[in-house]
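Chemist: Coordinates for the following, if possible.
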Amino acid sequence: MTVQDYLSLAGQTFVSDWFEMNQDRVNQFADLTVDHNFIHVDVERTKAETPFGGTIAHGYFTLSMLSHLGETCLPPMPPNAIPMNYGFDKVRFSAPVPVGKRIRAHFKLSKVEERKPGQWLSHWDVTVEVEGQEQPAIRAHWLTLFILPG
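Modeler: Just a heads-up that it's a prediction; the model follows:
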């Protein structure tokens, strides 16, 4: 794929595969981030003390899955391109992700702009859907950069 081919994708939406947010993964994320809030790791307490009916995935865990979800559906970069996260202009955690549910992401490439020669900034409008829920878990504007060496 050439840079021009990639630029021509602006306006298109790509939908990822489904990914299950299970308790083992949530517990591993809690251990890695030292965030053991009971709403993520204590199934019985969460059932008894919250409106969630069980544990929920960390918002940052769900957000961190964008890279994996993108790998399942996003178009390839131009040959030899070096992809990098650039950041987010906006992130909203709009609904919880109940543990045991599956998520998938919708990535709309809103625009691609050349920052300087050989560096292209992609603007992605992202929505993370939770299977069986109307309200998305995340709405974000994600920026990725690719550099063409040479």
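Chemist: Buried residues, the lengthiest helix in the chain. List them.
Modeler: What stands out as the longest helix in the chain, according to DSSP state H, is helix 23-33. Judged by neighbour count using 16 or more other CB atoms under 10 Å, the buried positions of helix 23-33 are 26, 29-30. To be clear about C-beta, it is placed using only N, CA and C from the backbone, and glycine gets the same treatment.
Chemist: List of residues touching that helix?
Modeler: By CB atoms under 8 Å, 6 or more residues apart in numbering, the residues outside helix 23-33 that reach it are 35-37, 40-41, 43, 55, 57-58, 60-61, 64, 99-100.
Chemist: Helices of this structure, residue ranges please.
Modeler: Remark: helices assigned in the chain by DSSP H are 3-7, 23-33, 38-41, 43-49, 59-64, 66-71.
Chemist: packing partners for the last one?
Modeler: Other helices and strands packing on helix 66-71, by 3 or more CB pairs under 8 Å, 6 or more residues apart in numbering; DSSP states H and E, are strand 102-116, strand 119-130.
Chemist: ok, Thr46 touching Pro96?
Modeler: No - assessed by CB atoms under 8 Å, Thr46 is found out of contact with Pro96, at 10.6 Å.
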